[in-house]
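[1] Just a sequence and a predicted model for now, questions to come.
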There are 6 protein chains.
Amino acid sequence: MHVRAFMEEMERLAPPDLAEDFDAGKIGLIVEGKTKIGTVCCALDATPSVVKRAVAARADMLLVHHTPLWTPLTSLTGPTASLMRDVLAAGLNIYVMHTNFDHAESGVNDALAELLSLENTVPMSLGLAGDCSLSLTEIARRLECPLQVWGKIRQLHRLAIVAGSGFDPAFMTEAKERGADAFLSAELKHSVYRASPLPCIEATHYALEAPAMKRLALRKGWHFIADPPVMHTIP
Amino acid sequence: MHVRAFMEEMERLAPPDLAEDFDAGKIGLIVEGKTKIGTVCCALDATPSVVKRAVAARADMLLVHHTPLWTPLTSLTGPTASLMRDVLAAGLNIYVMHTNFDHAESGVNDALAELLSLENTVPMSLGLAGDCSLSLTEIARRLECPLQVWGKIRQLHRLAIVAGSGFDPAFMTEAKERGADAFLSAELKHSVYRASPLPCIEATHYALEAPAMKRLALRKGWHFIADPPVMHTIP
Amino acid sequence: MHVRAFMEEMERLAPPDLAEDFDAGKIGLIVEGKTKIGTVCCALDATPSVVKRAVAARADMLLVHHTPLWTPLTSLTGPTASLMRDVLAAGLNIYVMHTNFDHAESGVNDALAELLSLENTVPMSLGLAGDCSLSLTEIARRLECPLQVWGKIRQLHRLAIVAGSGFDPAFMTEAKERGADAFLSAELKHSVYRASPLPCIEATHYALEAPAMKRLALRKGWHFIADPPVMHTIP
Amino acid sequence: MHVRAFMEEMERLAPPDLAEDFDAGKIGLIVEGKTKIGTVCCALDATPSVVKRAVAARADMLLVHHTPLWTPLTSLTGPTASLMRDVLAAGLNIYVMHTNFDHAESGVNDALAELLSLENTVPMSLGLAGDCSLSLTEIARRLECPLQVWGKIRQLHRLAIVAGSGFDPAFMTEAKERGADAFLSAELKHSVYRASPLPCIEATHYALEAPAMKRLALRKGWHFIADPPVMHTIP
Amino acid sequence: MHVRAFMEEMERLAPPDLAEDFDAGKIGLIVEGKTKIGTVCCALDATPSVVKRAVAARADMLLVHHTPLWTPLTSLTGPTASLMRDVLAAGLNIYVMHTNFDHAESGVNDALAELLSLENTVPMSLGLAGDCSLSLTEIARRLECPLQVWGKIRQLHRLAIVAGSGFDPAFMTEAKERGADAFLSAELKHSVYRASPLPCIEATHYALEAPAMKRLALRKGWHFIADPPVMHTIP
Amino acid sequence: MHVRAFMEEMERLAPPDLAEDFDAGKIGLIVEGKTKIGTVCCALDATPSVVKRAVAARADMLLVHHTPLWTPLTSLTGPTASLMRDVLAAGLNIYVMHTNFDHAESGVNDALAELLSLENTVPMSLGLAGDCSLSLTEIARRLECPLQVWGKIRQLHRLAIVAGSGFDPAFMTEAKERGADAFLSAELKHSVYRASPLPCIEATHYALEAPAMKRLALRKGWHFIADPPVMHTIP
């Protein structure tokens, strides 16, 4: 498949005009390699380890959620130079679907809702709210990461979820208005917690977003490369 | 003591010109009440609960680290109106020492270093690095909060600490240059972890900063009002 | 009446989307008090005197034209702290209708036109022009303030009016194009006078805007609280 | 005298680096005419009438306080084209001393203080405060304009003055701290009056600044061209 | 003809809303002179020489492509004062058609295409591309200026042209997409040449834009005043 | 030599703090390759051809005047991806000295002055002025590029030079004040020529700056890679 055809297919899956303004220039074909795409790998981030495994798998294309070139560059040095050396030398393409995939139908948030078996879902500005029949322990098991629960959850019939870093006061107010009993996301700040209208369930960023990449790889017959953070809780 | 004299004393403890630019207008006497200061309470945040307890204790002054009026206001509604009603009705003053207290000698970071028994400390742009003889379990015990450890800590002879939300790539590079084996702070973002030059130990924002307020209260003979986040870890 | 119902009624009188951009966040419910609205007072400004009289009248709501919280606040000190203490302690709501009421039908400018018996009026970008059969002396009498007349008025058949601080060169050019013989407003600047295409009649800001608040109070059965500037002319 | 020598003399009188930032490019030689300066006229503003009288007096130089080219121009049309035609055709130079003359020793504010016989004066950020033995009626007589007195003046031993448009809350606070009983300036805004810490005496902009130009002309043997606003008070 | 009627005719030729945003306030009647327009002169720039010749020809109107008042002015000194003295004293109007004339039908680019006998032309964002049967030597002859040819032109069947300073990477990419073999414009920068997708033919700015003014003068029966740069090539 | 040592040596030659603000992040080590530097190549630009020749020469370092990464990048595609692939794959370092080398002693402008045998030179804000005994034909010969001479040069005793794109009105005024008879630089704009106080001699950007790189290579024993623009003049 020509890289152009691959890009068009991805643009149908995650239309670029769904992306937030801050993603301008940071989604789509971010590193240009070979024009013919056979093997495709898929991951959350283009870490050095992911790139090495993609190259070892003779991938022509690596599809990721987070661009490896976020901060605009006027030099290529240090770890970025090493990473780009590996990528360019192998002729590997990197294609990024970020907030356009967050907002897309069957995108990042829908994949998370499916994983958590949410029902009767309603969309929010970002993420969604739905009926939840899982225990917190079961949620942690399915996400494959420990949870930090902030505030007292009196009941958990209805859960609001925003994959990634979604503890935004506006979304949390919206979740409460939609009847949520708790709000699940990642990267909770102290000041946001202090003003939160709902109890907060904090998972890792990776745990909430990787399922969408994994599910996409499964559907497309690509190779998903897992690279979760190495993290443990004490005590 | 006249409120003016109290303010001068606090300005010696945490000189306003040590504050970051973003704190302009957000430190010092933030709510003006009675002019005569007898009873002083001290806390990390001016939460509704803290204010109620301060009023119940007949405090004239509440000294906090985080201002209750962070976002510039053109209206007084909702929880802020309720809080200000309680504060103003009681004639309670609120005085804020924020990044000026972070940077001050015997300030927020020094208090944390003392709590963790760090030795041979060297200052960083923010926070400091020092020799650490505690186990992670003991650190968690002293901080009274669970820790999330990101990455592999091969040894922990030297620890860098930044109280509050201090996982900033610049500080982390600085910590590595100063020989740190790990970096302790709060509110770690996924993208920062991915590029981190050091293993990260994530505590709560409250656990890292409250000790300084508690120690200050102890020294001054004030009443410290604890109000830690309600948080537990699953599994 | 619930405060929500009161707000909806006011939004019909002075729709928020008629307001200028600089009024964003500065109109509507500016201080939140009791939720049940019985007694309503009305004034041009929420001065300390007006607030004290409203509280003495056991008002639940004070409706004003000028917000008492114009400059965004990150502290509550000095006169603003005193004023807010009185307001919040009494559970008094403050609701503001500013440029949305200037532009509204039956709003600030229409009330002024009615007071001055203007006929055959045509709207301008702000304010309006109409036939005027009053003498300057009679205008001063109805406005209850002295007038300063700048330039020579050869005839006064048609008068342009902009309540408040409306001596804007663009409006004055517009007034001339609409056949006005003179332009009535407040707060004339020297440089604007020098380039003015029309003679200018300068009244006080209060005199031009208070009539609308008074008329509204009359129609609604509220209590209007007068608080004109203390001003006299020499010689 | 060569125009260059004239400019140097004026720069000693009103050093350009005393000017406010907003005067950048708007003071000094604003219109360039003949290089040899014999007859000099002086006025507050370069109005059409002033220019015609200066040309009729065969002036080579017109020195004014307010530039006729305040708003940056990309076209010369309407009244500005007419004015510049008269000025350029006559080879008349226009030289502007604005905020640099306000701040200069023996400048605009000092001339006003002298006219009002102020004694024991102390400088403020702009303007000054001094002992005043005149009645309000006598002040009005000397300024040759009516006064509007805002608020109640209980006594008038010490008067703060700022020539031109000087009712700035910062200056008014400063005046109070320097013991002033009232504040004299021009162009008082309603919102500033409402928060004023002092009673305000409002004169015309012209009346406060023209004396300095007149005095300068007298000292230098130039011709002062008066052009006060045509203004009267009703009733 | 009244100047107003002349302006309306010009606005039909070069509609102001075709102009680029940076031309705001810099097109149309830039200097206002006599209201009755008899003799009209036309040139590319209002240079001192052009103005003197227009005045000598007793012109009432000088129509130019480049405004003489590009940089916003707060003073009239030096060469600009001299030029405006000549223009205003003679009552000469100056009317400017700039980027609106570049984009207009039968405008600057169309005139250039006609001069170079381009056929089968297609418009670009600015300028156009067309079939060209002239040799480079013939192009130089018609433009009456030497050419600098950058890069190797293998064939020249199709030529893209942008009158004025048009070597913009976006236009050059567009030209290539429209099948151009080379790109003709003025003021080529080194960095643009290095990244150019096409060979570049560089003429003078004057040579590319003057033909449109000359052609317009011919059509309207005006007097075209030539004032090309004095330029020669070495060796 | 370690790359760090090489960088320190270059920083002595062209101190980074001499650079203009717009060069922030765009000078120094722009692409990081091998840490051990043996063979060094030097050129004006890192064009594809220059890079290929440097790689063929087994260079470890390519020192250039113009960075290949001027516009901040969030993707690596098209010609930039190709270029970076070649550079990174070869482990080639790219080091940039731009405006810091323009301003440095023995830098870009000094090399040009030497090439043109200027004497009694005085520095300007950028570039310099000196006595010149060469004919225009000889200047063209030494620069190895044709010259365009704008305006009439009556005599050429003293010449101002600014290597690169230096036809800036401020520099040209400065040159005239320093007694220059003509101004030599590159990339002259029509509007600048029209207002120029001096005749202008326009060479190519390359011709003015490459000599400094060549001279530096000679002194250091590096290999200079020439890549002048392909340009010829018609007729």
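    The structure has been received and is ready for your questions.
[2] what's the spacing between A:Ala182 and chain E?
    50 Å (C-beta to the nearest C-beta, to the nearest Å). Quick note: C-beta positions are derived from backbone N, CA and C, even for glycine.
[3] before we move on, what about A:Tyr193?
    46 Å.
[4] which non-adjacent residue is nearest that residue?
    Once flanking residues are discounted, A:Tyr193 sits nearest to A:Trp150: 5.3 Å by C-beta to C-beta, 6 or more residues apart in numbering or on different chains.
[5] residues in contact with that neighbour?
    Taking C-beta atoms under 8 Å, 6 or more residues apart in numbering or on different chains as the criterion, A:Trp150 is in contact with A:Leu188, A:Tyr193, A:Ser196, A:Pro199, A:Cys200, A:Ile201, A:Glu202, B:Pro229, B:Val230, B:Met231.
[6] try A:Gln155
    Listed by C-beta under 8 Å, 6+ apart, the contact partners of A:Gln155 are A:Asp181.
[7] State the helix or strand in which it lies.
    Using DSSP states H and E, A:Gln155 falls within no helix or strand.
[8] May I have the distance across stretch A:100-117, first residue to last?
    Start-to-end span of stretch A:100-117 (C-alpha to C-alpha, to the nearest Å) is 23 Å.
[9] Pull out the buried residues from that stretch.
    A:100-104, A:107-113, A:115-116 (16 or more other C-beta atoms under 10 Å in any protein chain shown).
[10] Relative to C:Leu62, which of the residues you listed is nearest.
    Of all those, A:His103 has the smallest distance to C:Leu62: 43.9 Å, by C-beta to C-beta.
[11] I figured the closest one hits A:Leu18, correct?
    Yes - if you go by C-beta atoms under 8 Å, A:His103 and A:Leu18 touch, sitting 4.2 Å apart.
[12] Spatially nearest residue to the residue sitting nearest the centre point of chain A (excluding sequence neighbours)?
    With the centre of chain A defined as its mean C-alpha position, the nearest residue by C-alpha atoms, centre = their mean is A:Glu209, 3.1 Å away. Spatial nearest neighbour of A:Glu209, chain neighbours left out: A:Ala163 (5.0 Å); criterion: C-beta to C-beta, 6+ apart.
[13] burial of that neighbour, as a residue count?
    Residues lying near A:Ala163 (other C-beta atoms under 10 Å in any protein chain shown) number 30.
[14] Please list all residues in contact with it.
    A:Ala163 neighbours (C-beta under 8 Å, 6+ apart): A:Asp102, A:Val108, A:Asn109, A:Ala111, A:Leu112, A:Gly127, A:Ser185, A:Leu208, A:Glu209, A:Ala212.
[15] how far does stretch A:160-168 stretch from start to finish?
    Rule used - C-alpha to C-alpha; the end-to-end distance of stretch A:160-168 is 12 Å.
[16] oh sorry, the question was meant for stretch A:145-158
    Note: stretch A:145-158 ends 21 Å apart using C-alpha to C-alpha.
[17] Is stretch A:24-38 in proximity to chain B?
    No - using C-beta under 8 Å from any C-beta of the partner chain, stretch A:24-38 never reaches chain B; the gap is at least 12.5 Å.
[18] How about chain A: which residue is closest to chain F?
    A:Pro72 (3.3 Å; C-beta to the nearest C-beta).
[19] Surely that residue is in contact with F:Leu73?
    Yes - if you go by C-beta under 8 Å, A:Pro72 and F:Leu73 touch, sitting 6.2 Å apart.
[20] The two: which is more packed in?
    F:Leu73 (20 against 13).
[21] quick one, what contacts the more buried one?
    A:Leu69, A:Pro72, A:Leu73, A:Thr74, F:Thr80 are the contacts of F:Leu73 under C-beta under 8 Å, 6+ apart.
[22] Just give me how far the longest helix anywhere in chain A sits from the chain centre.
    For chain A, the helix that runs over the most residues, judged by DSSP state H, is helix A:205-220. The chain centre lies 7 Å from the centre of helix A:205-220; the measure is C-alpha atoms, centre = their mean, to the nearest Å.
[23] Can you tell me how far the closest residue to A:Phe101 other than its chain neighbours is from A:Ala24?
    Leaving aside its chain neighbours, A:Phe101 sits nearest to A:Ala14 (4.1 Å; criterion: C-beta to C-beta, 6+ apart). Taking C-beta to C-beta, to the nearest Å as the measure, A:Ala14 falls 15 Å from A:Ala24.
[24] the more surrounded of those two?
    Ranked by neighbour count (other C-beta under 10 Å), A:Ala14 and A:Ala24 place A:Ala14 first, with 26 against 10.
[25] Now the terminal residues of stretch A:67-75, how far apart.
    Terminal-residue distance, stretch A:67-75 (C-alpha to C-alpha): 17 Å.
[26] Any idea how far that stretch is from the middle of the chain?
    19 Å.
[27] Show me what counts as buried in it.
    Buried residues in stretch A:67-75 (16+ other C-beta under 10 Å): A:Thr67, A:Pro68, A:Leu69, A:Trp70, A:Leu73, A:Thr74, A:Ser75.
[28] So what's the residue count around the residue of chain A at minimum distance from chain C?
    Across chain A, the shortest distance to chain C (C-beta to the nearest C-beta) belongs to A:Ser191, at 14.4 Å. Residues lying near A:Ser191 (other C-beta under 10 Å) number 16.
[29] Next up, the contacts around it.
    Per C-beta under 8 Å, 6+ apart, neighbours of A:Ser191: B:His66, B:Trp70.
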